[in-house]
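Asks: from the sequence below, what's the structure:
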Amino acid sequence: MTGHPHSHEHSHDHSELGEMDLRVRALESVLTQKGYIDPAALDALIDTYQTRIGPRNGARVVARAWVDPNFRDWLMADATAAIASLGYTGRQGEHMVAVENTGEQHHMVVCTLCSCYPWPVLGLPPTWYKSAPYRSRAVKDPRGVLADFGTTLPETTRIRVWDSTAEVRYLVIPQRPAGSEGWSEDQLASLVSRDSMIGTRLADSPAAARSAA
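Replies: Below is the predicted model of the structure:
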């Protein structure tokens, strides 16, 4: 099942590479050949927005919700304002809705027609989020998609798929992992990944975080 119906004001392309993507790649190739841009620097900039700035912001929102019940309640009631209070605002984050995972209910986000995505808290959308297979299978076979990401939930856990739109974007608040009691906000934020805030993965366990450190 899905959340809000789509009402986009922009065109959609269901191919892996849309017309705009092809134009961008062609322009990038020309500018690279002429020496106007450095592909390595461009890749580093994109990586910053994909894996550092955006997801780091969202992880701090989640960590605050885990430790502060008042903030958590505010986040669930008015995510846009609660997130803005931490300084995370801007384009693609004007109308936010937070959905919270529990043992009984798991949420996952998709944009079935293109790639609407909350940039201020998650950065740029990953390639798989924009792909036609994810956009279609997330709705038809959410458990199968979760399994592809290595996420297996109990059969008793309900799964709800939210369809992000040009008007509303979603942030999944993953369950706080067991064993993280007494951790600081910074420590807790390290357990939160971009994928866990889309709902395709769970938050990391403290043991996994220690082993990765």
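Asks: what bits of the protein have low per-residue confidence?
Replies: The chain contains residues with pLDDT under 70 at 1-18, 20-21, 45, 48-53, 92-93, 212-213.
Asks: quick one: the helices in it?
Replies: 19-33, 39-47, 54-67, 69-77, 79-84, 119-122, 127-130, 132-140, 142-148, 185-189, 194-198, 206-212 (DSSP state H).
Asks: of all those helices, which one is nearest Glu167?
Replies: Smallest distance to Glu167 across those (CB to CB): 11.8 Å, for helix 79-84. Backbone N, C-alpha and C define where each C-beta goes, glycine included.
Asks: what packs against that closest one?
Replies: On a contact count with 3 or more CB pairs under 8 Å, 6 or more residues apart in numbering; DSSP states H and E, helix 79-84 meets helix 69-77, strand 96-100.
Asks: tell me which of these is the most buried.
Replies: Ranked by mean neighbour count under mean count of other CB atoms under 10 Å, these are led by strand 96-100, which reaches a mean of 20.
Asks: check contacts around the nearest residue to Pro206 once chain neighbours are set aside.
Replies: Nearest residue to Pro206, sequence neighbours excluded (CB to CB, 6 or more residues apart in numbering): Gly179, at 4.6 Å. Shown in contact with Gly179 (CB atoms under 8 Å, 6 or more residues apart in numbering): 205-207.
Asks: isn't Ala189 up against Gly58?
Replies: No - with contacts counted by CB atoms under 8 Å, Ala189 stays clear of Gly58, the gap being 9.1 Å.
Asks: out of the two, which sits in the busier spot?
Replies: Gly58 (26 against 20; other CB atoms under 10 Å).
Asks: spatially nearest residue to the more buried one (excluding sequence neighbours)?
Replies: Excluding the flanking residues, the one nearest Gly58 by CB to CB, 6+ apart is Val121, at 3.7 Å.
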